[in-house]
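structure of the sequence below:
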Amino acid sequence: MLMLNGNLFNIDCNAICIPTNGYVTSSGSLVMGAGVARQAADRWPALPELLGQRVYQLGNAVHLITTKGPRYQFEDSAFLGTGETPYHIVSFPTKPSRINIGTPEDVDKVLARYRPEAETLLRAPRSVTRDVKYLPGWKAKSDIALIKHSAEELVELTNTQGWKKVCLPRVGCGAGEMDWHEVYDLLKEHLDNRFIIVHNR
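Residues are numbered from 1 along each chain as shown. Below is the predicted model:
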């Protein structure tokens, strides 16, 4: 695994990874409201809907989206159709689809700014919540176990596609509130020198 300072969206590579959560709205779009995910959604407005379809159909996993035309499409990819480089965009889940709020430990898994909401939900009687006590995944902190699973899936996808250079940001460490040293120690066990962590200072 290599490190590089720069802009993730300007690196010459085979694919870039976008940190995501697994929450799909009622309209079918993946929530991409903060950090690198927001930047990607602003750059490719069709991306939240495409990823929402993939997550709804196939689960909160690594999904391949390609920006180039049919000759660049793979059997398991969706087509964004912008014609821009990089040619491939890969979702990299760091957060769950939702976070159940049943114990004080569950509240600790929620982002700091949503902690009061989680505490209120935890205390609310079941008759008020109709037995549903959860928050959408985008309100959760990133999950180290999910990052590990995503890294494993990313390596498998990279092997299948024969990519030589895949770039990703410091996944889980922006809007996910994780410590980079913890994430770095995990990623270096799974990602070889085909993978470049891009940090935009």
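
just the buried positions in stretch 170-182, please.
170-176, 178 (16 or more other C-beta atoms under 10 Å). For glycine as for every other residue, the C-beta is placed from the backbone atoms N, C-alpha and C.

put the alpha carbons of that stretch into CSV.
The C-alpha coordinates for stretch 170-182 follow below in CSV (Å, rounded to 0.1, in the frame of the first residue of the first chain):
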residue,chain,number,x,y,z
ARG,A,170,-8.5,7.6,4.1
VAL,A,171,-11.7,5.6,4.3
GLY,A,172,-13.7,5.9,7.5
CYS,A,173,-11.7,8.8,8.8
GLY,A,174,-13.6,11.8,7.7
ALA,A,175,-17.3,11.7,8.2
GLY,A,176,-16.8,8.3,9.8
GLU,A,177,-14.9,9.7,12.8
MET,A,178,-12.4,6.8,12.9
ASP,A,179,-8.7,7.1,13.9
TRP,A,180,-6.5,6.9,10.8
HIS,A,181,-3.8,4.9,12.6
GLU,A,182,-6.3,2.1,13.3
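
against which helices or strands is the longest helix seen in the chain packed?
Ordering each helix of the chain by length in residues (DSSP state H) puts helix 144-161 first. Packing contacts for helix 144-161, counted by 3 or more C-beta pairs under 8 Å, 6 or more residues apart in numbering; DSSP states H and E, involve strand 15-20, strand 88-93, strand 166-168, helix 180-187.

list of residues touching it?
By C-beta atoms under 8 Å, 6 or more residues apart in numbering, the residues outside helix 144-161 that reach it are 14-15, 17, 60-62, 64, 74, 88, 90, 92-96, 166, 168, 171-172, 178, 182-183, 186-187, 190-192, 194-195.

thinking again about what came up before, export the buried residues of stretch 170-182 to a markdown table and tack on pLDDT and secondary structure?
Output for these, formatted as a markdown table (pLDDT from 0 to 100; DSSP: H, G, I helix; E, B strand; the rest coil):
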| residue | pLDDT | secondary structure |
| --- | --- | --- |
| 170 | 97 | coil |
| 171 | 97 | coil |
| 172 | 96 | coil |
| 173 | 95 | coil |
| 174 | 91 | coil |
| 175 | 91 | coil |
| 176 | 95 | coil |
| 178 | 96 | coil |
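
kindly report the domain assignment for the protein.
Under the assignment automatic domain parsing, the domains of the chain span 2-95+143-199, 99-137.

mean neighbour count, those domains: which tops it?
Most buried of the domains of the chain, by mean neighbour count (mean count of other C-beta atoms under 10 Å): domain 2-95+143-199, with a mean of 18.

lowest average pLDDT across the domains of the chain?
Least confidently modelled of the domains of the chain is domain 99-137, at a mean of 86 by mean pLDDT.

quick check: end-to-end length of that domain?
6 Å (C-alpha to C-alpha, to the nearest Å).

same list (the helices and strands packed on helix 144-161) but as JSON lines, adding distance to residue 160.
Compiled in JSON lines, the helices and strands packed on helix 144-161 are given as follows (distance: least, C-beta to C-beta, whole Å):
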{"stretch": "strand 15-20", "distance to residue 160": "12"}
{"stretch": "strand 88-93", "distance to residue 160": "12"}
{"stretch": "strand 166-168", "distance to residue 160": "12"}
{"stretch": "helix 180-187", "distance to residue 160": "20"}
